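In: only the shape, not the letters, is given here:
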Ligand SMILES: Nc1ncnc2c1ncn2[C@@H]1O[C@H](COP(=O)(O)OP(=O)(O)O)[C@@H](O)[C@H]1O
Ligand SMILES: CC(=O)OP(=O)(O)O
Ligand SMILES: [Mg+2]
């Protein structure tokens, strides 16, 4: 079987999918899964198109640092793939690479020079970029002849107007790259391609706000299916409250923590990326499912703040899009947490959103009332398929 392999390396997970390409790219993968819990209790789960399920613990690496944990998971996965897909004719590997900087507005085939260029963005996406590049190098070592393609989270946002990409800081900093990039672009691109079918072509060409609410969460304002604004900026901390990330925060808080509390950059990084968000406010968990099931008031407050912040951002992005013809929910929370969607829509009633609560409770595709001025939809995202599509388009069948 001719196939493409997709790797999406995150902060604590390594997702993978195998897409048959005979004759063209299949809609569904032949095999897909992930190693979760990297750094704590790594386990591999996978599911084949035949229905067969796989589960395996991943041995702990020799070293105890983040790098060793991620390298260990990757080595295990590459070995596992070799034994579970022996008769495979791999024609290429597509990777999610979170940061492509200002220059890359499209996917690109990898080579040594590009890897060096992309390594310069590691400090801008410390939870993602180093792991993305490690996966590329590891595949390159084992299968040096195999074409590899980088698909950037930032690329979809390069259509944004110049103002949407600028901070109000001295020009020289903008010129050296301190600007708004935006992320989750592969997810938004996938959603953009589904819009017509779900909300109709007229609205799909209008002003659409897409909320990607997962462990990392952001929103994108689209006009004619293209990004015109995003809640995430220079890094993937900005904007919405997330599982463990703060989202937007008064920069004065950071100055206060540095000057008065003596926090240095690594302490601030830990605070803002790993100890804030749903976890920090609830004191219980970063996982929305745990919080929805908890009777503790702090869990309730964390969910309320998540929804309030999302609604504030939605209003801001409606201004960027010049209106709001449709709102689309996606990502683990956006696709499955009806109570969260309901609260965000309730805060946004002033924009003309009117929820069909019965459809919402069922995670239906369309969840707006017939008389709602604004269409409201739930569309499952598929970053892996989008990566496979780009990879095949670049390397050819
Ligand atoms: N049935 C569900 N109800 C509520 N939240 C859910 C449900 N399923 C998943 N989630 C939430 O989705 C989030 C993970 O989203 P996901 O998009 O899978 O994350 P990642 O960014 O790691 O890809 C978690 O907060 C999880 O609790
Ligand atoms: C960019 C980002 O936040 O990605 P994720 O949701 O995978 O953490
Ligand atoms: Mg994600």
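Out: Done, it's in. Quick caveat: nothing in here was measured; it's all calculated off a predicted structure. Ligands and ions are numbered 1, 2, ... in the order given.
In: which one is residue 361 nearest to, not counting chain neighbours?
Out: The shortest distance from residue 361 to any non-neighbouring residue, by Cβ to Cβ, 6 or more residues apart in numbering, is to residue 338 (5.2 Å). From N, CA and C alone the C-beta is placed, and that goes for glycine too.
In: now do that neighbour against residue 364, distance only.
Out: 10 Å (Cβ to Cβ, to the nearest Å).
In: who's more crowded, those two?
Out: residue 338 (20 against 13; other Cβ atoms under 10 Å).
In: in this structure that one contacts residue 363, no?
Out: Yes - with contacts counted by Cβ atoms under 8 Å, residue 338 reaches residue 363, the gap being 6.6 Å.
In: which residues are in contact with the residue lying farthest from the centre of the chain?
Out: Note on the chain: the largest C-alpha distance from the chain mean falls to residue 260, namely 34.2 Å (Cα atoms, centre = their mean). Residues in contact with residue 260 (Cβ atoms under 8 Å, 6 or more residues apart in numbering): none are found.
In: got the phi and psi for it?
Out: For residue 260, the backbone dihedrals (degrees, to the nearest 10) come out as phi -100, psi -30.
In: ditto for residue 22
Out: phi -110, psi 120.
In: neighbours around it, how many?
Out: 11.
In: what of residue 7?
Out: 24.
In: where does it sit, in terms of helix or strand?
Out: strand 2-9 (DSSP states H and E).
In: in contact with the residue in the chain that ligand 2 sits nearest to, which residues?
Out: Minimum separation of the chain from ligand 2 (Cβ to the nearest ligand atom) falls at residue 216, amounting to 2.3 Å. Contact partners of residue 216, counting by Cβ under 8 Å, 6+ apart, are 183, 184, 236, 242, 243, 245.
In: ok so residue 35 is a helix residue?
Out: No - residue state for residue 35 (DSSP: H, G, I helix; E, B strand; the rest coil) corresponds to strand; a helix is not indicated.
In: would you map the strands across the chain?
Out: Taking DSSP state E to define them, one finds strands in the chain at 2-9, 14-20, 31-36, 43-48, 53-57, 89-97, 108-109, 148-152, 207-213, 217-223, 226-230, 326-330, 375-378.
In: who's in contact with the last one?
Out: If I follow you right, that is strand 375-378. 198-200, 203, 325-330, 334-335, 341, 345, 353, 355, 363-368.
In: longest helix in this protein, please.
Out: With secondary structure taken from DSSP state H, the chain has its longest helix at helix 297-321.
In: quick check, it touching ligand 1?
Out: No - shown here: helix 297-321 not in contact with ligand 1 (Cβ under 6 Å from any ligand atom), separated by at least 9.7 Å.
In: re the thing from before, nearest to ligand 1, of the contacts of residue 216?
Out: Closest to ligand 1, out of all of those and judged by Cβ to the nearest ligand atom, is residue 243, at 5.5 Å.
In: how many neighbours does that closest one have?
Out: 22.
In: residue 327 too?
Out: Around residue 327 there are 27 residues (other Cβ under 10 Å).
In: for residue 321, give me its contacts.
Out: 207, 208, 209, 221, 222, 223, 228, 229.
In: swap the cut-off to 10 Å and go again
Out: 206, 207, 208, 209, 220, 221, 222, 223, 227, 228, 229 (Cβ atoms under 10 Å, 6 or more residues apart in numbering).
In: what do you get for residue 231?
Out: By Cβ under 10 Å, 6+ apart, the neighbours of residue 231 are 180, 182-184, 209, 211-212, 217-221, 238-240, 247-248, 309-310, 312-314, 316-317, 320.
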